[in-house]
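Q: Quick one: sequence and predicted model below, then my questions.
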Amino acid sequence: MRSRFVPFVSVLLLCSMLFGCGTDAVQEMPLPEGLVYRRINNTEYEIYTDDEDVFRALEVEKIVFPSYHNGLPVTHIEAYLGPRVNEVVLSSQLTDLEGCKLYHTAIDYLEIPAGCTVIPEYLCNGCRYLTEVKLPDRPVTIDSEAFRDCNSLKKINLGKVTQIGSSAFSKTALRQVVIPTSMESIGQYAFQDSVLTAIMPKTVRSIDGIAFSCADIYTDTAGSHLGWQDDVSNGNIKSFLSAYPSPGSCFWFGDGSHVFRECTFRYDGDTPYVYSMPNQLLSHVDGEFTNEEGKAEDEFVPVRAFSVPFREGYTFKGWSLEEGSSEVEFGVTMFDPTLVPELQSYRCMWEPYLCSLSTVGDWLRFTPNQTLYAVWEKE
């Protein structure tokens, strides 16, 4: 009985090898002029640019890189794709993206093959139409400037990323980024002028300076964190990550970010959102914001501005002192950046959902020892 099925199984295996499992995984496919196959190691093929100048001039908009050629996997691409390309399907058998030059193309979506563990430098640098990147479900490192100046990039799941290089996501359209517990290090300027809020686990061992310029950080860590550059014992990350904004420094519209520590998170599926935090919206300097009669001075409201937390499909309404309550006791006021011309040159004030506490009186009524619970309203 067993021998009767061997030929059939063999045919299936052969078809799988020749045609693959995906629509791009075909044995033979004509390549655009300027791209050729080259056999390496007698066990695999690469696709490379035979004449780079010719290929740059072609009117090619979509390129599908086959996964197999002559029955062998295509594991490497050494090619400059040019600015006219708006759709790319990479070989599912790729193990190396080092020579694949996608920067400044017009692509709007990119799926990284499962065999790739490194996103190389400049891979998609300057791809201003790119809106979504899908990473493989395995440990991955993202090198410097891989997605820098991808001004439309709004969606990427960092899932199992272990390292992010310098300026890797600088000047993207990410609203919030969730740093996974697999993350080991985040390089300098990694998210500069990009995200507005970030959820940061205490398991991250190293964060270089200015990694989150203009972003507000919600983290479950407490106190100082060895390896987070400029993180000091009083709970601040100096200059660019300040837990307590100073009225004189104007962190709220400058290059500074607030760090809200000891937060707790809940999950929508696999995506965390801010659930609660200790009241860090107040500090010892709050006493300065009352006049001689003990009344709050409204003119000091702006120094408590910050980016509100983000949750997909929900609107952040404010903070409550009671867990599970829908009543907002600690409200927010949305800022109109056009009212303050100086803010328009700062990326962190270009979005309308930056806010401050509703009134000075609101935040003078509470103490730093209280727990604040986020109030979310489903959209």
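A: Sure, I can see it.
Q: tell me the strands in the stretch 151-300 of the chain, going along the chain?
A: 155-156, 161-164, 176-178, 185-186, 197-200, 206-207, 216-219, 259-260, 264-268, 271-278 (DSSP state E, counting those that start in this stretch).
Q: For the fifth one, which outside residues touch it?
A: Looking back up the chat, that one is strand 197-200. 175-179, 191, 212, 215-219, 221, 265, 272-274, 307-310 (C-beta atoms under 8 Å, 6 or more residues apart in numbering). Quick note: C-beta positions are derived from backbone N, CA and C, even for glycine.
Q: Return the distance of Lys154 relative to Phe169.
A: Going from Lys154 to Phe169 by C-beta to C-beta, to the nearest Å gives 11 Å.
Q: neighbour-wise, which of those two wins?
A: Per other C-beta atoms under 10 Å, whichever of Lys154 and Phe169 has more neighbours is Phe169, with 28 against 12.
Q: if I pick that one, what's in contact with it?
A: Counted by C-beta under 8 Å, 6+ apart, Phe169 has contacts Phe147, Arg148, Cys150, Leu153, Val177, Ala190, Phe191, Ser194, Val195.
Q: Minimum pLDDT in those residues, which residue is that?
A: Among the contacts of Phe169, Val195 carries the weakest pLDDT, at 79.
Q: So it sits against Ile179, correct?
A: No: judged on C-beta atoms under 8 Å, Val195 makes no contact with Ile179 at a distance of 10.2 Å.
Q: neighbour count winner among the two?
A: When neighbours are counted by other C-beta under 10 Å, Val195 comes out ahead of the other of Val195 and Ile179, with 25 against 22.
Q: mind listing the helices in the chain by residue range?
A: Using DSSP state H, the helices assigned to the chain run over residues 2-19, 52-56, 360-364.
Q: tell me the average confidence for the last one?
A: This points to helix 360-364. Mean pLDDT, helix 360-364: 51.
Q: One more: the longest one?
A: For helix 2-19, mean pLDDT rounds to 37.
Q: again with stretch 72-79
A: So the average pLDDT for stretch 72-79 ends up being 93.
Q: go on, stretch 210-230?
A: Taken as a whole, stretch 210-230 carries a mean pLDDT of 73.
Q: which stretches of this protein have low pLDDT?
A: Applying pLDDT under 70 to the chain flags residues 1-28, 52-59, 214, 223-227, 229-257, 280-306, 333-368.
Q: Quick check: PyMOL command selecting the buried ones in the contacts of Phe169.
A: If you want just the buried ones from those in PyMOL, going by 16 or more other C-beta atoms under 10 Å, the selection is:
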select buried, resi 147+148+150+153+177+190+191+194+195
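Q: Any chance of CSV for the contacts of Phe169, columns distance to Gly331?
A: What follows is the contacts of Phe169, written out as CSV (distance: C-beta to C-beta, whole Å):
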residue, distance to Gly331
Phe147, 36
Arg148, 37
Cys150, 35
Leu153, 32
Val177, 26
Ala190, 33
Phe191, 28
Ser194, 28
Val195, 24
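Q: ok, which pair from the contacts of Phe169 is furthest apart?
A: Using C-beta to C-beta, the two most remote members of the contacts of Phe169 are Arg148 and Val177, lying 14.7 Å apart.
Q: Just list whatever residues bridge to Thr49.
A: Leu35 (DSSP bridges).
Q: unless I'm mixing things up, it is touching Ile63, no?
A: No: at 11.7 Å, Thr49 does not count as touching Ile63 under the criterion of C-beta under 8 Å.
Q: And the chain, what are its domain boundaries?
A: 17-221, 274-378 (automatic domain parsing).
Q: export those to CSV and tack on distance to Val259?
A: Shown next, in CSV, are those (distance: least, C-beta to C-beta, whole Å):
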stretch, distance to Val259
domain 17-221, 5
domain 274-378, 8
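Q: can you map out the strands along the stretch 1-150 of the chain?
A: 35-40, 44-49, 62-64, 68-69, 72-80, 87-89, 100-101, 109-111, 118-119, 132-134, 140-142.
Q: Just confirm Ala222 contacts Phe260, I think it does.
A: No: at 11.1 Å, Ala222 and Phe260 do not qualify as touching, with contact defined as C-beta under 8 Å.
Q: the more surrounded of the two?
A: Phe260 (21 against 12).
Q: For Glu111, give its distance to Gly71.
A: On the measure of C-beta to C-beta, Glu111 and Gly71 end up 24 Å apart.
Q: Please say which of the two ends up with more neighbours.
A: Shown here are Glu111 and Gly71; by other C-beta under 10 Å, Glu111 has more neighbours (14 against 11).
Q: For Ile199, see how far away that one is.
A: Distance from Glu111 to Ile199, by C-beta to C-beta: 24 Å.
Q: Tell me who's in contact with the closest residue to Leu153 other than its chain neighbours.
A: Of all residues not flanking Leu153 in the chain, Thr172 sits nearest, at 4.2 Å (C-beta to C-beta, 6 or more residues apart in numbering). By C-beta under 8 Å, 6+ apart, the contact set of Thr172 is Phe147, Cys150, Asn151, Leu153, Lys154, Phe191, Ser194, Val195.
Q: Kindly provide the distance from the closest residue to the third one other than its chain neighbours to Thr141.
A: Among residues not flanking Asn151 along the chain, Arg128 sits closest, at 4.9 Å (C-beta to C-beta, 6+ apart). For Arg128, the distance to Thr141 under the criterion C-beta to C-beta works out to 24 Å.
Q: cool, His76 as well?
A: According to C-beta to C-beta, His76 stands 18 Å off from Thr141.
Q: Name the residue in the two with the higher neighbour count.
A: Neighbour totals were compared for His76 and Thr141, and His76 leads with 22 against 17 (other C-beta under 10 Å).
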